[in-house]
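S.K.: all I have is the shape, not the residue letters:
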């Protein structure tokens, strides 16, 4: 069994190609995950709402609803909005990748693929979305509060709905606030340097995170040609910011 797999790690595989489903299910079960499957968009949503999987592996070309439509509905539903999503598709064009990441996918892998790489990517996603956080620790920056233990972000007391990857990105910038983080470093820290992940991925997630943070999104500064920095509202050094 994969040391990273736990009893809570149920994965939903959504693909209308039986051979692909069988291949993925076999390797995930071998790694110790509990696995469900669906072959249509509507079935995927029904199963996700019923079983609340830790992660959904989602094809784009599905009967009933496209993968993009399924992803949009997963993110719009409070019951499934925090479920991690890895898109697994034969569509490798950059606009498709960008659209998937913009809609809230945590990773994007194209077919043909290595089953071993798929399992490693899933393990990396689940580690960064559910494990290794200190407990009872809140970082406060202006009106934004980041609760590590609850994986919850609020603005003026109102919860901001972030995907697991968006939460990890914001937390990483907040923990290193005042210091510039290169795109490469963010890829290593947030995405754990998964193969085929591009710096454009960082830019798309930062853009979406800024939008969700509202006015405080301006605190995430672009350092041209290098990366990003989260500054304090008044320029206070990081050590003096509230925690």
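M.R.: That came through fine. On a predicted model such as this, the values are computed, not experimentally measured, just so you know.

S.K.: stretch 174-186: end-to-end distance?
M.R.: From its first residue to its last, stretch 174-186 covers 12 Å (CA to CA, to the nearest Å).

S.K.: just for this protein, where's the confidence low?
M.R.: Within the chain, the ranges that satisfy pLDDT under 70 run 1-8, 130-136, 193-197, 233-243.

S.K.: all strands for it, in order.
M.R.: For the chain, the strands defined by DSSP state E cover 10-14, 34-38, 55-58, 84-89, 107-110, 138-141, 144-147, 152-155, 158-160, 181-182, 220-223, 227-230.

S.K.: parallel or antiparallel, list what pairs with the second one.
M.R.: To tie it back to what came earlier, the one meant is strand 34-38. Partners of strand 34-38 in the sheet, by DSSP bridges, are strand 10-14 (parallel).

S.K.: dump the residue contacts of residue 69.
M.R.: Residue 69 makes contacts with residue 41, as judged by CB atoms under 8 Å, 6 or more residues apart in numbering. For the C-beta atoms, the positions are set from N, CA and C on the backbone; glycine is no exception.

S.K.: what about it, distance to residue 103?
M.R.: Relative to residue 103, residue 69 is positioned 9 Å away (CB to CB, to the nearest Å).

S.K.: in the chain, what residue spans correspond to helices?
M.R.: Under the criterion DSSP state H, the chain carries helices at the ranges 18-30, 41-51, 67-76, 94-103, 115-130, 164-175, 183-190, 199-213.

S.K.: which one of those helices lies closest to residue 143?
M.R.: With CB to CB, the closest approach to residue 143 among the helices of the chain belongs to helix 199-213: 9.5 Å.

S.K.: the closest one: which residues count as buried?
M.R.: Neighbour-count burial for helix 199-213 flags 201-206, 208-210, 212-213 (criterion: 16 or more other CB atoms under 10 Å).

S.K.: ok, and what's touching it?
M.R.: Contacts of helix 199-213 (CB under 8 Å, 6+ apart): 94, 97-98, 101-102, 104, 108, 144, 155, 160-162, 165-166, 169-170, 183-184, 186-187, 190-191, 217-220, 222, 227-228.
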